[in-house]
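*Asks:* Kindly return the folded structure for what I paste below:
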Amino acid sequence: MAKGRATTTTTAAAANAALRNALDKNPEELLSLMRGLPPDVDPALGAEAVRWIAKHWTLGKRVDTLPPPVIRAFLETPRGSLGTGERDWGAHGAVVGETALVFLQTAVPTSLDDGALAARWVQALTALGDVNTSYAFGSKQRRAKITGLARGPFLEAIQAVAVGCETVPIDFLAALVADGSEGSMDALLPRFHRAATTRDTTLDLLERLRRHAADTKPVRAMFAEIEALLGAREAQSPALALAAELGIGDVDSLWFTAYLSSVERRGPNSGGLVQGHIVVDSRRPSWFDVSLTRGEIGEWESTRFDEREVSEDELGLGRCEARDLPAWLARAAEALKVRWAWDGMPIRTGLRGKKKGALVAWLSGGRA
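*Replies:* Predicted structure coming up:
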């Protein structure tokens, strides 16, 4: 017996009863039941349990010892019945819900004999596990995993997910550009066309894939279009109008993150009593974000708003337009009875030298 695989001494009747009870009263218990299902367990019950797990958790080793009839029953699940998964992790890594179903249905043909089906099932679950990683997106380890997906036996399943699922892991998208074939790029086209129309953050997501891209004609063509669309979006960004407020003349790009802190401290070795940040970024569709927080850990009060609306205002400060930031910051300091620590204020920006100094001077209303 393979190391780590559960024994199957439970009778079918007992396993069926345990599955029914868990599904009715304690679904979390399914995770412990799935490793020891007997070969003659009710396939429909087993498949229902797998569907529950797929909605709430990653599959992986939780279901890699399933009897072939259960695998087949799960693979016959109608598409559209699992949703994106309650945790909606797909875009960020782990594959759940409908995304897992479409991948596995394409990757594991039910026409295989029992032995080949079980082996293919384990291989496909391992591929899904490779997507659930904590390595940085540009790291050598992550690149190796993405290359493995692009060159492995499940490229067709990845293409099916890209075409048929709303939620697609970024590693799947990266595998498509790493493959670089016309088939893989065709699978990306619907997502690219939506991004080209909306010019939302999906464009930025697609741009991130460039570091994994193969040097093929379809790939070069797509990234050339993405670059042009991002340039056009940035050229139309309201953030660029702030250049006149700063007195720095016309610029092609304007972005900064300023980290605010009050002179007044929460304690002798603590940070500012009031802290926050200001983000302006002409490169992004959501280009303006302001947040202030006052208090101790566990007793915070906050105000936060963007270019559209206030999302939180426990401090009662309201919102302002980006051009009115200096006046708003002065009013906020007065209302909160603090002074901003302008000297040495941490700031990340594409501006340099005198232009960076002009930004700090503008934010502080000439106080810095």
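
*Asks:* Could you pull out the buried residues of the worst-scoring helix or strand of the chain on mean pLDDT?
*Replies:* Ranked by mean pLDDT, DSSP states H and E, the weakest helix or strand in the chain is helix 201-208, scoring a mean of 79. Across helix 201-208, burial judged by 16 or more other Cβ atoms under 10 Å covers Thr202, Leu203, Asp204, Leu206, Glu207. Just so you know, the C-beta spots here come from the backbone N, C-alpha and C atoms, and that holds for glycine as well.

*Asks:* Might one say that the fourth one is in contact with Ala174?
*Replies:* Yep, that's Leu206 we're talking about. No: applying Cβ atoms under 8 Å, one finds Leu206 not in contact with Ala174, separated by 10.2 Å.

*Asks:* Residue ranges in this protein under the pLDDT threshold?
*Replies:* Within the chain, the stretches with pLDDT under 70 are 1-9, 83-94, 198-200, 297-298, 368.

*Asks:* Can you pull the domain assignment for it?
*Replies:* The record's domain parsing of the chain by automatic domain parsing lists 12-135+152-161, 239-363.

*Asks:* Redo those domains as TSV? Include distance to Ala228 and mean neighbour count.
*Replies:* Shown next, in TSV, are the domains of the chain (distance: least, Cβ to Cβ, whole Å; neighbours: other Cβ atoms under 10 Å):
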stretch	distance to Ala228	mean neighbour count
domain 12-135+152-161	24	18
domain 239-363	14	16
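
*Asks:* Take these and write them to TSV, including distance to Pro169.
*Replies:* Putting the domains of the chain into TSV (distance: least, Cβ to Cβ, whole Å) gives the following:
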stretch	distance to Pro169
domain 12-135+152-161	5
domain 239-363	22
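
*Asks:* circling back to that earlier point, which residues do Leu206 and Ala174 both contact?
*Replies:* Counting by Cβ atoms under 8 Å, 6 or more residues apart in numbering, Leu206 and Ala174 have no shared contacts at all.

*Asks:* need the contact list for the closest residue to Val95 other than its chain neighbours.
*Replies:* In this structure, Val95 finds its nearest non-sequential neighbour in Leu128, 4.9 Å apart by Cβ to Cβ, 6 or more residues apart in numbering. By Cβ under 8 Å, 6+ apart, the contact list for Leu128 reads Thr58, Leu59, Gly60, Val95, Ala100, Phe103, Leu104.
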